[in-house]
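In: Please find the sequence and the predicted model below.
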Amino acid sequence: MSHGKQFTLYAHRTAVNGYKVAIVLSELGLEYEMIYLDFDKKEHKAPEFVKYNPNGRIPALVDHANNDFVLWESNAILLYLVHRYDKGHNISAFTDADKALQDQWLFFQASGQGPYYGQWAWFVSAPEKIPLAIERYKKETERVLSVLDTVLTGQKWLVGDKMTIADISFIPWNDLAFHRILGPDYPLGETFPAMFKWHTAMMSHPAVKTNMEKRAELLKSA
């Protein structure tokens, strides 16, 4: 294999979805090179990247050990990684029932958390403020947090008795929401105590901590 690392991960310095993939790669002990695309230069729309992802979005992953297999859509990448490289099910579900629940949460994250948090972040930072849109996506973000809090009030993890990719998939967007969207004055721990405890527990994992600290440092210079 001519590549120095097994994987090439195309991402962005501060955009969140690449970091969930980086966390899973790190959790599985897989070696990867993270290439940051410059959105201002439209590198994510350039032919050199669109050949990997025709949607022109990050992340995209190239598995050099599997004939340079390419995959995009972050949660599809997580499923690929655990199906192929997590034979011991360290961060993935084992039983058929738990696998179905894991998929359920991955779909919820992709269809609920990501779009709503993303739209709220966009409208909050847009030059022209549209109060109706800001209020709608704020409420939807709080609804997603409420769903997580309700479920996690009765259990420690979303699936089974350990952290899986179902949990990991929520980390980067939650981290962004807590620090950039909701703001430091939002009573997060009081409003969503079970969800906040869950997120805090995940942030203590070395692979999570390292990657989210890396993003925080890059964000300072953005």
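Out: Nice, thanks for sending it over.

In: Can you show me the helices along the chain?
Out: Secondary structure of the chain (DSSP state H): helices at 17-27, 47-50, 74-85, 96-108, 114-125, 131-152, 165-168, 171-176, 188-191, 193-203, 206-220.

In: low-scoring stretches of this protein, by residue?
Out: For the chain, the stretches with pLDDT under 70 are 1-3, 222.

In: Would you mind giving the domain segments of it?
Out: Domains of the chain are assigned by automatic domain parsing as 7-85, 96-220.

In: In a markdown table: the ones you listed, plus mean neighbour count.
Out: Every residue, glycine included, has its C-beta placed from N, CA and C. A markdown table is the format used below for the domains of the chain (neighbours: other C-beta atoms under 10 Å):
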| stretch | mean neighbour count |
| --- | --- |
| domain 7-85 | 18 |
| domain 96-220 | 17 |
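
In: Please produce TSV containing the helices of the chain, extended by distance to residue 159.
Out: Formatted as TSV, these follow (distance: least, C-beta to C-beta, whole Å):
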stretch	distance to residue 159
helix 17-27	15
helix 47-50	33
helix 74-85	12
helix 96-108	5
helix 114-125	19
helix 131-152	10
helix 165-168	5
helix 171-176	15
helix 188-191	23
helix 193-203	12
helix 206-220	17
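
In: contacting residues for residue 142?
Out: residue 191 (C-beta atoms under 8 Å, 6 or more residues apart in numbering).

In: Okay, it and residue 182: tell me how far apart.
Out: 9 Å (C-beta to C-beta, to the nearest Å).

In: Residue 176 now?
Out: For residue 176, the distance to residue 182 (C-beta to C-beta) stands at 10 Å.

In: Residue 161 too?
Out: From residue 161 to residue 182 the distance is 29 Å (C-beta to C-beta).
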